[in-house]
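Student: show me the folded form of this:
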Amino acid sequence: MSLFARLTHNSLWLLFARVGAQVSSVLVIYLLARRLSVTGFGEYSFIVATIMIGNTLTTFGSDMYLIREIAANAGFFRLPSALILQLFLSCVYIGVISWLAPHFPNQHPESILALRIYSFALIPLAFFTTFTSALRGGQKMASYASLNLLTSVVQVVAIYTLVQRGTDLIRLAYVSVGIQIAGAVTAGITCAVNFPNFWKNFRFSFVATIDLLIACIPIALIASLGILYQKLSITMLSLVGSASMAGWFSAATRVIEAARIGHISILTAIYPAMANAKEKQDSLEIFKISWILLLVVSGAATLLVFFLARPIVNIFFGMEYQTSISILRILSFTIIPYTINSYLTLELLVEKEAKTLIQVLLVSLIMLSLFNLWLIPRAGGIGASWSFLIAESIQAFLLFGHWKLYPFHVPKSFFPDKGASNELSNLS
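Tutor: Here you go, the predicted structure:
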């Protein structure tokens, strides 16, 4: 199968799954936003953001590293080491959260207990991340997409059943942990079906785990800075502002996430394709087309979200979330810089330019923190949305400026006739 055909096939599968998963997510949000109060929904959003940050920190960049390794035909021998590393870091994070939870401001005892319970979802998430890295690296996108869609549907069914019987944050946390366990088991079975003798290749080695830890440090730093950047606003609203502010902002960000499903599908398919691209000119042209397509889709999504902000919020969240309308309109303008940032980040990852990415993310994170500290006390969620738009635009400017200095930083694997091959076994 040609590169273009493979990208199209994988992107369509991922788009199908993303649409289904996003519909499921919308249903979950609809159920919870109307069942919980704005304050309760804000507390729930803070809990989810904390665990998502934990998942990225405990993954330690090993997922992106594994995808590149496997896509470059390095095999699955590093999977056991990645699993050990993630499980160890997950246990550390769970302990830290259990200790820190009572000291978080603006949180009720119920939300603190729910956070402690939900933190244990990091254990099955370690298995899930490892298994799905194998599927993505092996470009089994149909299986990967189906797995994610199935997990999303199960979540909707579980939340719907829970809401019908009456729910609270603690019950929700227990159910969420159960869903992650089921997802991890299903992911393991899916890998066994797709890759013969998958389990026979599992050989645990302490030395190999240490080697992987060292190799993943650059990617881990990039991933950690990235997730902190993405979740900083909702976290600061919960800690500096109030749970209600976090609830309004979270409602708006969920809509923006839904508007990005096309981008995420294409980008998810592009990354492993970049890692093992073989043809110089064909690959370059295909990635140029993908880049232009993403920008066009971004512009259309921005206009759609901006003009439909009011009916979207009223229909899915209710009149209690009117403040989210203005927040959503501001955040709609982040879709274009987000597209630029995401594409160029993947390009730099494949090019092994970790230093550039770390510098850009650090600047973006600092700017976002400063603007949030300044604007959240003055304008709440509106201030947070302006802060994120400014920071996202600064990041796009910095990455695009680097691109202008080194135009079309195509991976060295596009140029097999010009010297040594591009070894993807080490980012540093």
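Student: count of residues packed around the residue nearest to residue 140 when sequence neighbours are not counted?
Tutor: Take residue 140 and drop its neighbours on the chain: the residue closest to it by Cβ to Cβ, 6 or more residues apart in numbering is residue 194, 4.9 Å away. (C-beta placed from N, C-alpha, C; glycine too.) Residue 194 has 15 neighbours, counted by other Cβ atoms under 10 Å.
Student: pLDDT score assigned to residue 194?
Tutor: Per-residue confidence (pLDDT) for residue 194: 82.
Student: wait, it touches residue 132, no?
Tutor: No. Taking contacts as Cβ atoms under 8 Å, residue 194 lies outside contact range of residue 132: 11.3 Å.
Student: chain center to the helix or strand containing residue 172, what's the gap?
Tutor: Taking DSSP states H and E as the criterion, residue 172 maps to helix 169-194. Distance, stretch centre to chain centre, for helix 169-194: 18 Å (Cα atoms, centre = their mean, to the nearest Å).
Student: for the helix or strand that comes right after that helix, packing partners?
Tutor: The helix or strand immediately downstream of helix 169-194 is helix 206-236, counting by DSSP H and E. Identification of packing neighbours for helix 206-236 by 3 or more Cβ pairs under 8 Å, 6 or more residues apart in numbering; DSSP states H and E yields helix 38-59, helix 62-71, helix 79-100, helix 243-259, helix 335-350, helix 354-405.
Student: restricting to C-alpha, output the third one in PDB.
Tutor: Same thing as helix 79-100. Only the C-alpha atoms of helix 79-100 are listed here, as PDB (Å, rounded to 0.1, in the frame of the first residue of the first chain):
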ATOM      1  CA  LEU A  79       7.300  -3.000  25.600                       C
ATOM      2  CA  PRO A  80       7.900  -4.800  28.900                       C
ATOM      3  CA  SER A  81      10.400  -2.200  30.000                       C
ATOM      4  CA  ALA A  82       7.900   0.600  29.100                       C
ATOM      5  CA  LEU A  83       5.200  -1.200  31.200                       C
ATOM      6  CA  ILE A  84       7.500  -1.600  34.200                       C
ATOM      7  CA  LEU A  85       8.500   2.100  34.000                       C
ATOM      8  CA  GLN A  86       4.900   3.300  33.800                       C
ATOM      9  CA  LEU A  87       3.700   1.100  36.600                       C
ATOM     10  CA  PHE A  88       6.500   2.300  38.900                       C
ATOM     11  CA  LEU A  89       5.800   6.000  38.100                       C
ATOM     12  CA  SER A  90       2.100   5.500  38.500                       C
ATOM     13  CA  CYS A  91       2.500   4.100  42.000                       C
ATOM     14  CA  VAL A  92       4.700   7.200  42.900                       C
ATOM     15  CA  TYR A  93       2.100   9.600  41.500                       C
ATOM     16  CA  ILE A  94      -0.800   7.900  43.300                       C
ATOM     17  CA  GLY A  95       1.100   8.200  46.600                       C
ATOM     18  CA  VAL A  96       1.800  11.900  45.900                       C
ATOM     19  CA  ILE A  97      -1.800  12.600  45.000                       C
ATOM     20  CA  SER A  98      -3.000  10.800  48.100                       C
ATOM     21  CA  TRP A  99      -0.700  13.000  50.300                       C
ATOM     22  CA  LEU A 100      -1.400  16.300  48.500                       C
END
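Student: tell me the buried residues in that helix?
Tutor: 79-87, 89-90, 93-94, 97 (16 or more other Cβ atoms under 10 Å).
Student: average pLDDT across that helix?
Tutor: 89.
Student: next, the angle from it to helix 38-59.
Tutor: Put simply, helix 79-100 runs at 140 degrees to helix 38-59, going by axes from the mean of the first three to the mean of the last three Cα atoms, to 10 degrees.
Student: could you check the angle helix 206-236 makes with helix 79-100?
Tutor: With the same axes, to 10 degrees defining the directions, helix 79-100 sits at 40 degrees from helix 206-236.
Student: cool, the shortest one as well?
Tutor: Using the same axes, to 10 degrees, the direction of helix 62-71 lies 130 degrees away from that of helix 206-236.
Student: do you know how far residue 118 is from residue 66?
Tutor: Look at residue 118 and residue 66: by Cβ to Cβ, to the nearest Å, they are 25 Å apart.
Student: same question, residue 154
Tutor: For residue 154, the distance to residue 66 equals 25 Å [Cβ to Cβ].
Student: do the same with residue 46
Tutor: Counting by Cβ to Cβ - residue 46 and residue 66 are separated by 30 Å.
Student: again with residue 188
Tutor: Residue 188 is 15 Å from residue 66, by Cβ to Cβ.
Student: for residue 231, which non-adjacent residue is spatially closest?
Tutor: residue 49 (4.5 Å).
Student: can you pull the contacts of that neighbour?
Tutor: 231, 234, 235 (Cβ atoms under 8 Å, 6 or more residues apart in numbering).
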